[in-house]
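1. Have a look; sequence and predicted model below, questions after that.
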Amino acid sequence: MNESITKTLLVSFLICLICSLVVSFAAVNLRDAQNKNRLNDQRLKILQAGQIYNSNFDIKSQFDSIEVKFINFQTGELTDKYEGLSIDSYDQVVASRDLLLSSKVPQGEDIAIIKNRENIGKVYIVRDELGNLSKIILPIRGFGLWATMFGYISLENDFNTIAGIEFYQHKETPGLGGEVDNPKWKSLWPGKKIYDENQNTLKVIKGKVDPDDSMYFYKVDGLSGATLTSRGITNMIEYWFSESGYSSMLKELNYES
Ligand SMILES: Cc1cc2nc3c(=O)[nH]c(=O)nc-3n(C[C@H](O)[C@H](O)[C@H](O)COP(=O)(O)O)c2cc1C
């Protein structure tokens, strides 16, 4: 009889088996394509943060024109090589989860709530036709309202004026904290400055910045209805431009130029 319980269970089991095989096959086979897309998107954000992306050319060739260097966060030193690490495949976010490759951020200093900071990071240098450094693009990350926001910020060659900011991963609410991706909000950043007299000063404020404010260049309009995400961005800038982040390297570059 076709309506026996055994047959019903067998058919259900076979359908489940076939579906799970299809899903596993797709997951395994699409993994490389997904990784490639993720890498491409990250490279696009690096180019966009540096305000150098040209949609007429492919992302990889533009990215390849950027110089990538390692930064030793303990010394602030920039190097082309570091103890056998491959600069192309080294992932500092993955390293930050490895106890041997990272350092715990002391609780009082962990304003961006990153918990561990990788010992070695990567920075991206843009040079002009004469070979002079024109911009530096730096990875940043920090907790928003819901999760860690990952992005890049670029500085002009005074190592203080912001050229652009981009986020490639976050879990903030669309329309609220998710407005970190809004081109109008991102356009408020170029020209703003991080340090005032060597003090890390930049803040994302609540509301709009008054154009007559004497600190206009050190303040960015807040995201409306998203004070916590805005505060998260202020905190991540404060952390990454402190001594634990890029400040020693930037000081050194300033002496050299
Ligand atoms: C469903 C929901 C999603 C929210 N998402 C965000 C968010 O992504 N970022 C944020 O800062 N606040 C978010 N908030 C609001 C915060 O809980 C908080 O009220 C807000 O940050 C205060 O900002 P305001 O002073 O600008 O109103 C959300 C609230 C709700 C109810």
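-> Sure thing, it's come through.

2. Point out the residues in the chain that sit beside the ligand.
-> Residues of the chain found near the ligand (C-beta under 6 Å from any ligand atom) are 145, 172-173, 176-177, 225-229. From N, CA and C alone the C-beta is placed, and that goes for glycine too.

3. neighbouring strands for the longest strand anywhere in the chain, and are they parallel or not?
-> If you go by DSSP state E, the chain has its longest strand at strand 133-143. Using DSSP bridges, strand 133-143 pairs in its sheet with strand 120-127 (antiparallel), strand 148-156 (antiparallel).

4. Buried deepest among those, which one?
-> Ranked by mean neighbour count under mean count of other C-beta atoms under 10 Å, the strands paired with strand 133-143 are led by strand 148-156, which reaches a mean of 22.

5. So which of the residues of the chain next to the ligand sit within helices?
-> 227-229 (DSSP state H).

6. who wins for neighbours among these?
-> The most neighbours of any of these, using other C-beta atoms under 10 Å, belong to residue 229, which has 24 neighbours.

7. Could you check how far that residue is from residue 242?
-> As for residue 229, its distance to residue 242 is 20 Å (criterion: C-beta to C-beta, to the nearest Å).

8. Where does the stretch 51-200 of the chain get nearest to the ligand, which residue?
-> Among all residues of the stretch 51-200 of the chain, residue 177 sits closest to the ligand, at 2.7 Å; criterion: C-beta to the nearest ligand atom.

9. just checking, that residue touches residue 231?
-> No: no contact is recorded between residue 177 and residue 231 when judged using C-beta atoms under 8 Å, the distance being 10.3 Å.

10. Which one's more surrounded, the two?
-> Neighbours were counted for residue 177 and for residue 231 using other C-beta under 10 Å; residue 177 has more, 24 against 20.

11. and the longest strand of the chain, C-alpha only, in PDB?
-> These are the backbone C-alpha positions of strand 133-143, laid out as PDB (Å, rounded to 0.1, in the frame of the first residue of the first chain):
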ATOM      1  CA  LEU A 133      52.800  60.000  -0.600                       C
ATOM      2  CA  SER A 134      49.500  61.700  -1.200                       C
ATOM      3  CA  LYS A 135      47.100  59.800   1.000                       C
ATOM      4  CA  ILE A 136      47.100  57.000   3.600                       C
ATOM      5  CA  ILE A 137      44.200  54.700   4.100                       C
ATOM      6  CA  LEU A 138      43.800  53.000   7.500                       C
ATOM      7  CA  PRO A 139      41.500  50.200   8.700                       C
ATOM      8  CA  ILE A 140      39.300  51.100  11.700                       C
ATOM      9  CA  ARG A 141      36.700  49.200  13.700                       C
ATOM     10  CA  GLY A 142      34.600  49.600  16.800                       C
ATOM     11  CA  PHE A 143      31.300  48.600  18.400                       C
END
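
12. how about that strand: buried residues?
-> Under the neighbour-count criterion of 16 or more other C-beta atoms under 10 Å, strand 133-143 has 133-143 buried.

13. before we move on, what about stretch 184-200?
-> Neighbour-count burial for stretch 184-200 [16+ other C-beta under 10 Å]: 185-186, 188-189, 192-195, 200.

14. just stretch 210-224 next, same as before
-> For stretch 210-224, by 16+ other C-beta under 10 Å, it's 217-223.

15. do the same with stretch 11-19
-> When neighbours are counted by 16+ other C-beta under 10 Å, no buried residue of stretch 11-19 is found.

16. List the ones among the buried residues of stretch 210-224 that fall in strands.
-> Using DSSP E, the members of these that fall in strands are 219-220.

17. Cool, thanks, signing off.
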